[in-house]
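Student: can't give you the sequence, but here's the structure:
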């Protein structure tokens, strides 16, 4: 199964780089391994894919994101 977390991205220049660094540190600390990270067109959000629902939900909570209702075979 694939669990997708959508996170808002602030418009300030360079914000995504700093936020990604915080995400990577958090993911490493938690020992979670997302399978994909992508910025959506328009740049106002990004999506991070997980194979574990609990990890996706925890990540969404930690970064003020939302777990999308998109679950499909990986």
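Tutor: Structure's in. What do you need? Only a predicted model underlies this, so the values are computations on that prediction, with no experimental measurement involved.

Student: Contacts only, for the closest residue to residue 27 other than its chain neighbours.
Tutor: Distances taken as C-beta to C-beta, 6 or more residues apart in numbering put residue 34 closest to residue 27, at 6.8 Å, once the chain neighbours are dropped. The C-beta positions use only the backbone N, C-alpha and C, and glycine is treated the same way. The neighbourhood of residue 34, defined by C-beta atoms under 8 Å, 6 or more residues apart in numbering, consists of 27, 48, 49, 50, 55, 59.

Student: Now do the contacts for the last one.
Tutor: For residue 59, the contact set (C-beta under 8 Å, 6+ apart) comprises 5, 23, 26, 27, 32, 34, 48, 50, 65.

Student: For the residue most central in space within the chain, which residues are in contact?
Tutor: With distances taken as C-alpha atoms, centre = their mean, residue 48 lies nearest the centre of the chain, 3.4 Å away. Contacts here follow C-beta under 8 Å, 6+ apart; on that basis residue 48 touches 4, 5, 7, 23, 34, 36, 37, 56, 59, 65.

Student: so can I have CSV of those showing distance to residue 44 and secondary structure?
Tutor: Shown next, in CSV, are these (distance: C-beta to C-beta, whole Å; DSSP: H, G, I helix; E, B strand; the rest coil):
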residue, distance to residue 44, secondary structure
4, 16, strand
5, 15, strand
7, 10, strand
23, 17, helix
34, 20, coil
36, 18, strand
37, 15, strand
56, 20, helix
59, 19, helix
65, 13, coil
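
Student: Just give me the closest of those residues to residue 43.
Tutor: Among the contacts of residue 48, residue 7 lies closest to residue 43 (C-beta to C-beta), at 12.1 Å.

Student: ok, what's across the strand from that closest one?
Tutor: Taking DSSP bridges as the rule, residue 7 bridges to residue 46.

Student: show me the contacts for it.
Tutor: Applying C-beta under 8 Å, 6+ apart to residue 7 gives the contacts 45, 46, 47, 48, 60, 63, 64, 65.

Student: Tell me which two of those residues sit farthest apart.
Tutor: Maximum pairwise distance in these, criterion C-beta to C-beta, is 14.2 Å, between 47 and 64.

Student: more crowded one of the two?
Tutor: Neighbours were counted for residue 47 and for residue 64 using other C-beta atoms under 10 Å; residue 47 has more, 17 against 8.
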